[in-house]
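**Q** I need the structure of the sequence given here:
(4 chains)
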There are 2 protein chains.
Amino acid sequence: MKVTIRDVARLAGVSAMTVSRVINGQPRVSDEARRRVEAAVAELGYIPNGLARGLIRRQTKMIGLIVPDIANPFFTLVVRGAEDVAWRAGYRVILGNTQTDLERERAHLEDMLAFQVDGVLIAPVSDRSAPQLRALGRNQVPFVLIDRSIAGFHGDLVQGDSVAGARVLVEHLIGLGHRQIAMITEPDDVSTARDRLRGYREALEAAEIEPRTDFIAEASAIRPRMARDAALRLLDLPKPPTAIFALNNIAASGVAEAARERHLAIPADLGLVCFDDIELASRLDPFLTVLAQPAETFGTIGMQLLLDRVAGRVSERGRTVVLPGELVARASAASPAFRPA
Amino acid sequence: MKVTIRDVARLAGVSAMTVSRVINGQPRVSDEARRRVEAAVAELGYIPNGLARGLIRRQTKMIGLIVPDIANPFFTLVVRGAEDVAWRAGYRVILGNTQTDLERERAHLEDMLAFQVDGVLIAPVSDRSAPQLRALGRNQVPFVLIDRSIAGFHGDLVQGDSVAGARVLVEHLIGLGHRQIAMITEPDDVSTARDRLRGYREALEAAEIEPRTDFIAEASAIRPRMARDAALRLLDLPKPPTAIFALNNIAASGVAEAARERHLAIPADLGLVCFDDIELASRLDPFLTVLAQPAETFGTIGMQLLLDRVAGRVSERGRTVVLPGELVARASAASPAFRPA
DNA sequence: CTGTTAGCGCGTTCAT
DNA sequence: ATGAACGCGCTAACAG
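**A** You can find the predicted model right below:
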C-alpha cells in the first residue's frame, strides 16, 4: 500500500498532525519531534498526497497550458518559457495539445477544471473558443491568452503585432521589386490570420498594387501538406505570383516543398517570407526571411501575468502586452527573376 | 463558490448518490431521475472534482511524461505521439521538461507521484536517474523508458538502435572518401551517447582508420552553443577533420554555425551528419544528411506499453522495442574537398 | 431504484 | 507543543 501521513506518524510515535506540521514547515513543533518525523519520512519515502492536499487547500499549484500545435517550434518555445517560469514559482504545468481542434480544446479545459488547476494559459484555437473559455470564468479560474486574441475578449493577453509584422514582410518583398505577391493564410476566425491578412492588404494598398483575390490561398497553420497544396494552386495560376507570404513557418515549409515540385528555385524563381523563425533551421542554414517573434517570451510573460492573477496581486481588468517582432532578412527573398509572360 | 455534487443533487431533488450514478453512467437509475440530474448538471455547469475522484478511486487517468528537452524536435514529436495515444485512451498528460537537470527530474517525479499519476513515460536524463526511478517502483507506479536506457535497468523500454545508426552514418562518410572524421558527443552516462560513440568507433575500426582521441569532442545535446564551441575546437586543430558526426540535430546546428564562422562550406569543406531529422527544416530545404528516427512512434509505442501496464494487462517482466532508423542521404555530406596539408 | 453511512488522505480549528 | 474532531468532494458498500 501507499504510505500515508498516518504511517509516518505511527513510525515516529506522534500524531498525524505533528507530521503535517513538520512537512509544512510550521513552527510549533519540538526539535525532538521534528527530528523523528523527518527520519520517518525519509525511511518510508513518504510523499504527501497532492490530491488530498488540493482538496482541502483549494489550490493545487498546477497550471494548465493549452497550445494548438506543440510540434510548431514557436509554441514549443512558448511552452518551454511558460514551464520554466511556472517551475521557478513552484507551479507545475499540465499540457494540452489541441491540434486546432475545438472539441479537443473543450475537453482539455474541462479536464483542467476538474483537476482544479489554479490557472490556465492558452493559445486558443480560434474565436470559437470563446464559449468554452467562459467556463473558466464561471469557475473563477484565472486565465491569460497568448498569441491569439479573441474578438470581444477583455482579459489579459500577450500577443505580437501581426498587422505591422505582415506589413513589414510584404513591404520587404515590394522593396525587392516584387509586385505579384500571394499570401497563404488560414481561416479568419483566428486573430493572427486576420491581422496578417490585413497587414498584407495594407502593404499592397500603400504601394498601389492591385490586390488579386486569387492570390489569397487558405490553408492550415499546422499541416504543411495543406500549405503545399495551396502553394501549388498559386504556382499553377496562369499568372502566378513571384513571391509568397506564408502566415507562419509551417506554411512556409509547405511552400518550399511546392516550389521544389515545380522546379522553382527560391529565391531566384520565387520569393518566400513568413512569420516566426525556426531557430534550429536558421542555425543550420540561415536561409528563410522571417518576421522573428520572441516566442519564449510569449510564454514567460504570459505565465507571469497569469501567476499575478493566481496570487491575486492584480486588480486591473485586462492587461495587454504586445511583443515586437523583428524582420530578419535572409536569402529566401530577393529580386524577382525575369519570367516570360 | 464552486458547484459540487450536492448542489446538483439539491437542484434535481435527489441524493448525491443518484447524481454520482448518473454522471458515471451507471444503470440503476430511473429515466425520470436521470433526466432531472442531467438538466441540473447542464444548468449549473457542473464538473466533477477530479481530486476527490482520484482520492477515492485510486486512479487519476493522468500520465506523467518527462523529457530532457521539449524544444528538441525529436522530443517534441515524442510528446505529440504520446499525448495523442493517451488522449484516445482517456488519459491526460502532465508534462515535465528537465533540461537534462537531474534535480529537476527528481522534483518532477516527486510531483507526479504526489498527484497520483497512473504511470510515467520518461526519457531519463542519464544513468544517474536510476535512484529516483526506483521511487516509482516503490510506489507501484508503472513506468516506461523511452529513447534512453539505463545501465542495469530491466523494465519496458522503447529505443532506437544507436550503435547501428552511428555505424551507418560514419560508414556513409567513409564511403564518400572521408577518413578524418570527428564526433561531437555528450557525457557517456547517457546511453544514446555511449552507443553512438561505440558505433562511431566500430565503423572506424572496420575501415581500418586509426581513431584519434582529439577527434572526440564532448558537448551538450541541448545547447547548440556548446556544440559550436566543441566544433570550433575541432576545426582549429592542426590537422582538422574533413567531416563531423554530431550525436543529434541540435549539435549539428552548432557545427554548422562553427563552420560558417570559419568560412568553411558544407559539404565542400566539411561533411556533416547527425541523428534525428528536423522535419520542418528538411521540408524547407532538404540539406542535412541524417539518421532519421521515427520520433512520434517512440511516443506512441511507449505510451501503449505504459497503458498496458497501467491497465494491468501485462505480465512479462521487461519488454524492449527497438525502432529502426533510416539513413537519409542529403547534401550535407559529400566527398572531402582537396585541402592542402 | 434510491438514499445513508463511512472514509479516501490531508489540514484547519480548537482543545489540552 | 501536541492531538481530536471535522470536513474538503466524491463514491463503495450497504440498506431499504
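**Q** for the rest of this, base every contact and every neighbour count on C-alpha atoms.
**A** Noted.
**Q** contact partners of stretch A:178-189?
**A** The contact list for stretch A:178-189 (C-alpha atoms under 8 Å, 6 or more residues apart in numbering or on different chains) reads A:126-128, A:170, A:173, A:193-194, A:197, A:200, A:209, A:215-221, A:227, A:230-231, A:234, A:240-247, A:251, A:335-336.
**Q** ok, now with 7 Å
**A** The contact list for stretch A:178-189, computed with C-alpha atoms under 7 Å, 6 or more residues apart in numbering or on different chains, reads A:126-127, A:193-194, A:209, A:215-221, A:241-247, A:335-336.
**Q** taking those residues, please make a ChimeraX selection of just the buried ones.
**A** Buried subset of these, written as a ChimeraX selection, criterion 16 or more other C-alpha atoms under 10 Å in any protein chain shown:
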select /A:126,127,193,194,215,216,217,218,219,220,221,241,242,243,244,245,246,247,335,336
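**Q** so which of the contacts of stretch A:178-189 belong to strands?
**A** Applying DSSP state E to the contacts of stretch A:178-189, the entries found in strands are A:216, A:217, A:218, A:243, A:244, A:245, A:246.
**Q** right, and the second one touches residue A:229 too?
**A** No - contact criterion C-alpha atoms under 7 Å: residue A:217 and residue A:229 do not qualify, at 9.5 Å.
**Q** residue A:279 - nearest residue in space that isn't next to it in sequence?
**A** residue A:73 (8.0 Å; C-alpha to C-alpha, 6 or more residues apart in numbering or on different chains).
**Q** pull out the buried positions in the stretch of helix or strand residue A:203 belongs to.
**A** According to DSSP states H and E, residue A:203 maps onto helix A:191-206. Residues of helix A:191-206 classed as buried: A:191-204 (neighbour count, 16+ other C-alpha under 10 Å).
**Q** what residues does chain A put near DNA strand C?
**A** Applying C-alpha under 7 Å from any atom of the strand, we find that chain A lies next to DNA strand C at A:2, A:4-6, A:16-17, A:20-21, A:23-24, A:47-50, A:52-53, A:55-57.
**Q** try it again at 6 Å.
**A** Near DNA strand C, the residues belonging to chain A are A:4, A:5, A:6, A:17, A:20, A:48, A:49, A:52, A:53, A:55, A:56, A:57 when assessed by C-alpha under 6 Å from any atom of the strand.
**Q** closest one of those to residue B:36?
**A** For those, the minimum distance to residue B:36 (C-alpha to C-alpha) is 27.7 Å, reached by residue A:55.
**Q** all helices for the stretch 101-250 of chain A, in order.
**A** According to DSSP state H, counting those that start in this stretch, the stretch 101-250 of chain A carries its helices in the segments A:102-114, A:130-138, A:162-175, A:191-206, A:224-235, A:249-261.
**Q** now the fourth one: how far from the chain's centre is it?
**A** Helix A:191-206 sits 21 Å away from the centroid of its parent chain (C-alpha atoms, centre = their mean, to the nearest Å).
**Q** gap between the residue most central in space within chain A and chain B?
**A** Nearest to the geometric centre of chain A sits residue A:75, at 4.1 Å (C-alpha atoms, centre = their mean). Here residue A:75 is placed at a distance of 9 Å from chain B (C-alpha to the nearest C-alpha, to the nearest Å).
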